[in-house]
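# what's the 3D shape of this:
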Amino acid sequence: MYIEQLYTGCLAEAAYYIESEGEAAIVDPIRETEPYLELAKRRGATIKYIFETHFHADFVSGHIDLANKTGAAIVFGPVAQPSYDAHIARDGEMFELGAIAIKAMHTPGHTPESTCYLVYDENGKEEAIFTGDTLFVGDVGRPDLLDGVIISKEEQVSNLYDSLNNRIKTLPDDVVVYPAHGPGSMCGKSIGQEKQSTIGQEKKNNYALRDMTREEFTKVILEGQPAAPQYFIKNAIINRTGYENIDAVLERNIRALAAGDVQSEIDGGAIVLDTREAEIFGTGFIPGAINIGLDGSFAVWVGTLIDIKQRLVVVTDAGREREAILRLARVGYENVAGYIDGGFETWVHANRSVDTVVSVPADAFADAVQGGAHVLDVRRPNEYETAHVRGALNVPLRDIESMLNRLDKNDAYYVHCAGGYRSMVAASILKARGFDRVTNVLGGFGMIRNTGTPIEEPAELTA
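Numbers count the residues shown, from 1 in each chain. Below you'll find the model as predicted:
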């Protein structure tokens with residue numbers, strides 16, 4: 001038996017390749033099919049099954065395209081109702097793969113159809129379990145994605161309690177746990193740093209697997225659960241109803257545009273999505289452009305801040321055009337006009353207007369604070385509550401559009417986050433919305449703390 005994890009850092013997502021005696025199965029593939037086809041070819045195996053643990057909300061799965069290219073069966077767990085051909089497994093149904101077997105274990109709670117896949121080795125011993133979003137390292141899947149749509153979060157928490165206690169915790173301690181996500185995913189609230197674990201380790205270390213009543217479990221799971229990005233429900237629908245072939249999407253969207261074409265798209269309502277590094281973006285960009293850097297949580301922030309149907313024009317560093325457009329397609333963003341051929345320099349050489357965002361080091365920011373500067377802290381509320389610049393207004397990046405009415409376009413604002421990525425995203429949004437007096441703070445709160453700037457912390461942290 002051979003198992004390989006294929007991890008996509010931008011999505012904090014883990015897909016899996018399982019193989020025995022020339023037969024392979026893929027668990028939770030991302031949108032593009034090449035990684036799985038190439039791996040199977042390299043190992044001389046035939047893909048027989050594509051196991052889906054649930055209808056994913058944070059990315060568009062590649063299961064349909066992969067099935068079309070290989071003839072493999074798509075397998076979902078009980079109660080799943082996809083709009084395309086798939087095998088809906090019975091709870092406990094066994095699937096033979098070479099000399100091993102894989103059992104579908106219905107584990108509702110994250111979603112109603114959530115199903116784990118338990119692998120038995122050549123000797124019939126329970127070897128590993130692919131837990132999807134039911135169980136992570138140190139955490140469990142959020143139960144609120146369908147709240148008010150199909151099933152309440154309270155019902156889902158109760159289902160999750162039963163799934164964990166009656167199915168997951170009864171497995172042998174040495175069974176290897178392979179989850180669908182790692183740290184940084186919004187599918188859980190405190191996922192650990194490791195990308196795999198064991199049942200025994202999780203029973204020992206995972207807060208959600210402690211012995212507790214159903215009422216205690218409900219409280220601890222729902223407490224501190226951040227709101228899900230707006231694109232989650234849309235991706236779940238796409239994964240249930242189907243989508244356009246990824247090759248066709250890329251052929252249509254990877255299109256070189258001249259400066260005049262870009263202007264025409266802007267005039268028609270398109271947004272310029274500039275994916276360059278924050279400091280480079282700040283020195284010059286197309287007016288109205290939103291900066292979400294590729295070298296960060298690109299897909300998640302696009303999905304959080306931009307409507308999935310919005311027409312986009314992409315600006316990238318040379319050679320990264322396909323990467324940016326593919327990563328947009330991974331989360332269902334397919335209304336892409338193309339990319340500016342030659343990058344931002346093409347815009348400059350065409351003598352088009354350019355905007356900038358001033359960035360200052362933390363010590364200059366400290367001087368501005370002493371002079372009474374308005375400070376916007378765009379970190380998450382829990383980050384802000386842990387420690388923040390005295391007098392700073394918390395405007396979490398994910399909520400920035402809804403909080404603009406609290407700001408005055410005549411005022412000057414210094415914007416910071418933890419390290420500098422989110423603050424430039426926020427600064428670009430503010431500039432696009434007509435806030436011209438915006439300054440970005442380099443290095444974020446990590447550098448600010450070293451300047452002597454007045455910091456407020458909860459009393460228990462300073463005692």
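
# Where in the protein is the helix or strand with the lowest mean pLDDT?
helix 459-462 (a mean of 46; mean pLDDT, DSSP states H and E).

# Wait, Asp295 touches Glu279, no?
No. Asp295 is beyond contact range of Glu279, at 11.7 Å (criterion: Cβ atoms under 8 Å). Every residue, glycine included, has its C-beta placed from N, CA and C.

# Please read off the pLDDT at the residue sitting furthest away from the middle of the chain from the model.
Farthest-out residue of the chain from its mean C-alpha position, per Cα atoms, centre = their mean: Gly371, at 38.9 Å. Per-residue pLDDT puts Gly371 at 92.

# Any figure for the gap between it and Ala412?
10 Å (Cβ to Cβ, to the nearest Å).

# Kindly report the same for Gly420.
19 Å.

# between those two, who's got more neighbours?
Set Gly420 next to Ala412 and count neighbours by other Cβ atoms under 10 Å: Gly420 wins out with 22 against 13.

# so who does the more buried one touch?
Ala278, Glu279, Asn440, Val441, Leu442, Gly443, Gly444 (Cβ atoms under 8 Å, 6 or more residues apart in numbering).

# Filter those down to the buried ones.
The neighbour count (16 or more other Cβ atoms under 10 Å) marks Ala278, Asn440, Val441, Leu442, Gly443, Gly444 as buried among the contacts of Gly420.

# Including secondary structure and distance to Leu164, could the contacts of Gly420 go into CSV?
CSV is the format used below for the contacts of Gly420 (DSSP: H, G, I helix; E, B strand; the rest coil; distance: Cβ to Cβ, whole Å):
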residue, secondary structure, distance to Leu164
Ala278, helix, 40
Glu279, helix, 45
Asn440, strand, 44
Val441, strand, 43
Leu442, coil, 44
Gly443, coil, 41
Gly444, helix, 37
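
# now the protein, which segments are flagged as low pLDDT?
459-463 (pLDDT under 70).

# Swap in 50 and give it another go.
The chain contains residues with pLDDT under 50 at 460-463.

# okay, now the domains of it?
Per automatic domain parsing, the domain ranges recorded for the chain read 2-234, 244-349, 358-462.

# Quick one: end-to-end distance for the longest one.
By Cα to Cα, to the nearest Å, the extent of domain 2-234 from end to end equals 34 Å.

# residues contacting Phe344?
Asp274, Arg276, Gly284, Phe285, Ile286, Val315 are the contacts of Phe344 under Cβ under 8 Å, 6+ apart.

# Filter these down to the buried ones and hand me the PyMOL line.
Command for PyMOL, covering only those of those found buried under the criterion 16+ other Cβ under 10 Å:
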select buried, resi 274+276+285+286+315
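
# would you list the contacts of Phe344 in JSON lines and tack on secondary structure and distance to Asp58?
Below are the contacts of Phe344 laid out as JSON lines (three-state DSSP; distance: Cβ to Cβ, whole Å):
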{"residue": "Asp274", "secondary structure": "strand", "distance to Asp58": "23"}
{"residue": "Arg276", "secondary structure": "coil", "distance to Asp58": "24"}
{"residue": "Gly284", "secondary structure": "coil", "distance to Asp58": "33"}
{"residue": "Phe285", "secondary structure": "strand", "distance to Asp58": "28"}
{"residue": "Ile286", "secondary structure": "coil", "distance to Asp58": "29"}
{"residue": "Val315", "secondary structure": "strand", "distance to Asp58": "25"}
